[in-house]
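# Okay, here's the prediction I keep looking at, along with the sequence it came from:
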Amino acid sequence: MRVSTKGRYALRLMVDIAAHDGEGYVSLRDAASRQGISLKYLEQIAGMLSRTGLLQSGRGAQGGYRLALSPEEYTIGRILRLTEGNLAPVVCLTDSDGSCERCDECSTQDFWAGLYATVNEYIDHFTLADLLMEYQRKVKHA
């Protein structure tokens, strides 16, 4: 499994918005500048996050984006699955029934299923609040 720039940037954007949540709507221009990410790319990511209800958007001079929920309510897994799609390490785990024609004789299927379960458990264990705490810790020490 490899997380693309879309997934990585979505997490960075969500942390940035959470960190500046008390300031009202967060301008994508400001977030792009702070994060060193292309504004055009962040617009695509923010649009996707907004359309799926993870962010709220506001228009006008004071517009931008803000979290739709509290940081504790977002798992990292939810954000990554939205941006990356299925995080299965092999194609046979993406089938609707979780198998393939060789499932009964495949000696590696249980290994891949275990890896997939471990990845899902790990990314669902952490929330946006956890990443926000880490961000705040690192900013204090910078």
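The structure has been received and is ready for your questions. What you are looking at is a predicted structure, and each value in this text was computed from that prediction instead of being measured.

# any idea which helix or strand carries Ser50?
Using DSSP states H and E, Ser50 falls within helix 39-51.

# following that helix, which helix or strand shows up next?
strand 55-58.

# CA atoms only: put that following strand into CSV for me.
Presented in CSV, the C-alpha positions along strand 55-58 are these (Å, rounded to 0.1, in the frame of the first residue of the first chain):
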residue,chain,number,x,y,z
LEU,A,55,-15.6,20.0,5.4
GLN,A,56,-18.0,22.8,5.3
SER,A,57,-17.4,25.6,2.8
GLY,A,58,-18.2,29.3,3.1
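
# After whichever helix in the chain runs longest, which helix or strand is next?
Counting by DSSP state H, the longest helix found in the chain is helix 109-125. Moving toward the C-terminus from helix 109-125, the next helix or strand (DSSP H and E) is helix 128-141.

# Quick check: which helices or strands does that next one pack against?
When contacts are defined as 3 or more Cβ pairs under 8 Å, 6 or more residues apart in numbering; DSSP states H and E, helix 128-141 sits against helix 5-19, helix 76-84. (C-beta placed from N, C-alpha, C; glycine too.)

# still on that earlier bit, could you tell me the average pLDDT over the longest helix of the chain, please?
Averaging pLDDT along helix 109-125 yields 95.

# Kindly format the C-alpha coordinates of it as PDB.
The C-alpha coordinates for helix 109-125 follow below in PDB (Å, rounded to 0.1, in the frame of the first residue of the first chain):
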ATOM      1  CA  GLN A 109      -4.300 -15.000   0.900                       C
ATOM      2  CA  ASP A 110      -4.400 -15.200   4.700                       C
ATOM      3  CA  PHE A 111      -1.100 -13.200   4.900                       C
ATOM      4  CA  TRP A 112      -2.500 -10.400   2.700                       C
ATOM      5  CA  ALA A 113      -5.800 -10.400   4.600                       C
ATOM      6  CA  GLY A 114      -3.900 -10.100   7.900                       C
ATOM      7  CA  LEU A 115      -1.800  -7.200   6.500                       C
ATOM      8  CA  TYR A 116      -5.000  -5.500   5.300                       C
ATOM      9  CA  ALA A 117      -6.700  -5.900   8.700                       C
ATOM     10  CA  THR A 118      -3.600  -4.600  10.500                       C
ATOM     11  CA  VAL A 119      -3.400  -1.500   8.300                       C
ATOM     12  CA  ASN A 120      -7.100  -0.800   8.700                       C
ATOM     13  CA  GLU A 121      -6.900  -1.200  12.500                       C
ATOM     14  CA  TYR A 122      -3.900   1.100  12.700                       C
ATOM     15  CA  ILE A 123      -5.300   3.900  10.500                       C
ATOM     16  CA  ASP A 124      -8.700   3.700  12.300                       C
ATOM     17  CA  HIS A 125      -7.000   3.900  15.700                       C
END
